[in-house]
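S.K.: Fold the following and give me the result.
(one chain, ligands or ions: 1)
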Amino acid sequence: MAGKKVVVVGGKTGIGLGVARAARAAGATVVVASRRVSSAQERPDLEDFVQLSLDLRDEAAVKAAFDTIGPFDHLVVTAAPELGSWGAFMDADMHGVRSYLEGKFLGSWASARHGAPHLRAGGSITFLTGGMAARPKIGFAAVTSAFAAVEALSGSLALELAPIRVNTIRPGFIDTDMWGFLPTEQRDGLRKQVEDTFPARRAGKPQDVGHAALFLMTNPYVTGTVIEVSGGENLVPSVS
Ligand SMILES: NC(=O)c1ccc[n+]([C@@H]2O[C@H](COP(=O)([O-])OP(=O)(O)OC[C@H]3O[C@@H](n4cnc5c(N)ncnc54)[C@H](OP(=O)(O)O)[C@@H]3O)[C@@H](O)[C@H]2O)c1
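M.R.: Take a look at the predicted model:
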């Protein structure tokens, strides 16, 4: 990856940061883009990366960000809006649902649309979904629908943007601050359930996804695929 430039939309936290660190450790220059830009005092751990401000819901801002970045080699889009406060399908506030789909699905779309023209030969795009794409849970119809749409987009683009390679990573439970909305006791309980039941016998880490993302960036013959990085979550009953 030396001499390569990688853009991670959502790369300042959680899974995206795991991807950014894996690409940097492999020798790439890494741009991390999301809404917040932090000072070196606030986030000294981001000093290895170029930070850029970008709001996925603002197509003009997405285009402007990629025009600023210029030519690069690999795009990874991990960003997603916070999980909304909508509940059951029949109770759902359509405004919140629209906002989630706008950020996750159309944000992934816009990143690919405006990033692709800048990708160098041999380039790739990697999207991120989650187990709910294939294993729906009550109360999360918007998330399942957005993830499934991103996976469908991924396959479509593998054909339409070829020879740019386009893939999706579908992680299972990854222990990031995304779960910070849960009370500590509930979060600990969830971790314990994962450790007890997932075949991997531990919670996932951002670097597990980083490892898979690096594989997708560097293997020239993998395109149009969805990779589960879930510790075997797909083989056991739902934990949450
Ligand atoms: N963690 C898990 O167990 C798990 C499992 C399966 C799937 N996933 C999925 O993986 C994705 C990332 O999860 P994570 O754990 O890494 O969560 P996270 O740490 O909360 O990361 C979300 C990132 O998205 C960025 N973001 C949010 N809204 C944005 C916007 N409008 N424009 C640009 N960037 C935006 C945030 O940065 P700013 O605030 O700076 O914008 C943040 O860096 C989500 O789609 C999640 O549903 C997670």
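S.K.: okay, CA-based contacts and neighbour counts for the rest of this
M.R.: Noted.
S.K.: all helices of the protein, in order?
M.R.: Under the criterion DSSP state H, the chain contains helices at 14-25, 59-69, 94-101, 107-115, 141-160, 184-197, 206-218.
S.K.: So which of those is nearest the ligand?
M.R.: The ligand sits nearest to helix 14-25 of all the helices of the chain, at 3.5 Å, using C-alpha to the nearest ligand atom.
S.K.: Would you mind listing the buried residues in that closest one?
M.R.: Using 16 or more other C-alpha atoms under 10 Å as the test for burial, helix 14-25 gives G14, I15, G16, L17, G18, V19, A20, R21, A22, A23, R24.
S.K.: rewinding a little: averaging pLDDT over each of the helices of the chain, report the lowest-scoring one.
M.R.: Per-stretch mean pLDDT for the helices of the chain is lowest at helix 94-101 (a mean of 89).
S.K.: Just the angle for the biggest strand by length in the chain relative to helix 141-160, thanks.
M.R.: Taking DSSP state E as the criterion, the chain has its longest strand at strand 119-128. Strand 119-128 and helix 141-160 are oriented at 150 degrees to each other (axes from the mean of the first three to the mean of the last three C-alpha atoms, to 10 degrees).
S.K.: Which other helices and strands does strand 119-128 contact?
M.R.: Packed against strand 119-128 by the contact rule (3 or more C-alpha pairs under 8 Å, 6 or more residues apart in numbering; DSSP states H and E) you find strand 72-77, helix 141-160, strand 165-171, helix 206-218.
S.K.: swap the cut-off to 6 Å and go again
M.R.: On a contact count with 3 or more C-alpha pairs under 6 Å, 6 or more residues apart in numbering; DSSP states H and E, strand 119-128 meets strand 72-77, strand 165-171.
S.K.: If I take it and helix 107-115, what angle do their directions form?
M.R.: Going by the same axes, to 10 degrees, strand 119-128 makes 180 degrees with helix 107-115.
S.K.: Centroid-nearest residue for the chain?
M.R.: T78 (1.8 Å; C-alpha atoms, centre = their mean).
S.K.: ok, that residue - contacts?
M.R.: Counting by C-alpha atoms under 6 Å, 6 or more residues apart in numbering, T78 makes contact with V9, G10, G16, L128.
S.K.: V226 versus L216, what's the distance?
M.R.: 10 Å (C-alpha to C-alpha, to the nearest Å).
S.K.: repeat for E185
M.R.: From E185 to V226 the distance is 33 Å (C-alpha to C-alpha).
S.K.: picking up where we left off before, tell me the phi and psi of the residue nearest to the centre of the chain?
M.R.: Main-chain dihedrals, T78, degrees, to the nearest 10: phi -110, psi -10.
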